[in-house]
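*Asks:* test case, fold it:
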Amino acid sequence: MGRWQGRSRRLATGARVRFSRKKRLYEMGRPPAETVIGPRRSKIVRILGGKTKIKAYIADVVNVSDQSTGKTQKVPIKEVISNPASVEYTRRKIITKGAMISTELGKVRVTSRPGQDGVVNGILVRE
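*Replies:* Residues are numbered from 1 along each chain as shown. Just a heads-up that it's a prediction; the model follows:
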């Protein structure tokens, strides 16, 4: 089921806004993918303009780039350490852009948007 992402019917003051038209299909949104750790599961979704997005619902590997050596390798994800997007996301172990995850190589900061790109990419964090 879709979600309407149009303008609110209320102003910041609480006053009601009277719309001159009904809701439109292009104002529709979808619920977030909320990627978690596990055996890979993704879905191809058609978006506006006939293009497609790959939504990763479950991911098990991350493409880790090491900035000091300039090499990238595919490594399994151990766990989600923290997610600055939301305390709730940290507790539920959800992977979004900016999340810190642990791997065999060390801590990795996620740089891709798994719910939009369908893949988890990250940069190795040196401490």
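*Asks:* what about G70, neighbour count?
*Replies:* Other residues within reach of G70, judged by other Cβ atoms under 10 Å, total 7. (Glycine included, C-beta is placed from N, CA and C.)
*Asks:* ignore what I typed, I meant T72.
*Replies:* With other Cβ under 10 Å as criterion, T72 counts 14.
*Asks:* isn't it right up against S65?
*Replies:* Yes - counting by Cβ atoms under 8 Å, T72 touches S65, with 4.6 Å between them.
*Asks:* the helices in the protein, which residues?
*Replies:* Along the chain, counting by DSSP state H, helices occupy 87-92, 114-117.
*Asks:* of these, which stretch is the most buried?
*Replies:* Of all the helices of the chain, helix 114-117 has the most neighbours on average by mean count of other Cβ atoms under 10 Å, namely a mean of 20.
*Asks:* how about the contacts made by G2?
*Replies:* By Cβ atoms under 8 Å, 6 or more residues apart in numbering, the contact list for G2 reads 28-30.
*Asks:* what sits closest to P31 if chain neighbours are left out?
*Replies:* R3 (6.6 Å; Cβ to Cβ, 6 or more residues apart in numbering).
*Asks:* which residues does that neighbour bridge with?
*Replies:* Beta-bridge partners for R3, by DSSP bridges, are G29.
*Asks:* list the contacts of it.
*Replies:* By Cβ under 8 Å, 6+ apart, the neighbours of R3 are 28-31.
*Asks:* now, which of those sits nearest S20?
*Replies:* Closest approach between those and S20, by Cβ to Cβ: M28, at 19.1 Å.
*Asks:* and the closest one, what is it in contact with?
*Replies:* Here M28 is in contact with 2-5 (criterion: Cβ under 8 Å, 6+ apart).
*Asks:* same question, M100
*Replies:* Going by Cβ under 8 Å, 6+ apart, M100 touches 80-83, 107-110, 125.
*Asks:* who wins for most neighbours among the residues you listed?
*Replies:* V108 (26 neighbours).
*Asks:* re earlier: mind putting the contacts of R3 into JSON lines with pLDDT and distance to K97?
*Replies:* Listed next are the contacts of R3 as JSON lines, based on pLDDT from 0 to 100; distance: Cβ to Cβ, whole Å:
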{"residue": "M28", "pLDDT": "88", "distance to K97": "23"}
{"residue": "G29", "pLDDT": "90", "distance to K97": "18"}
{"residue": "R30", "pLDDT": "90", "distance to K97": "17"}
{"residue": "P31", "pLDDT": "91", "distance to K97": "17"}
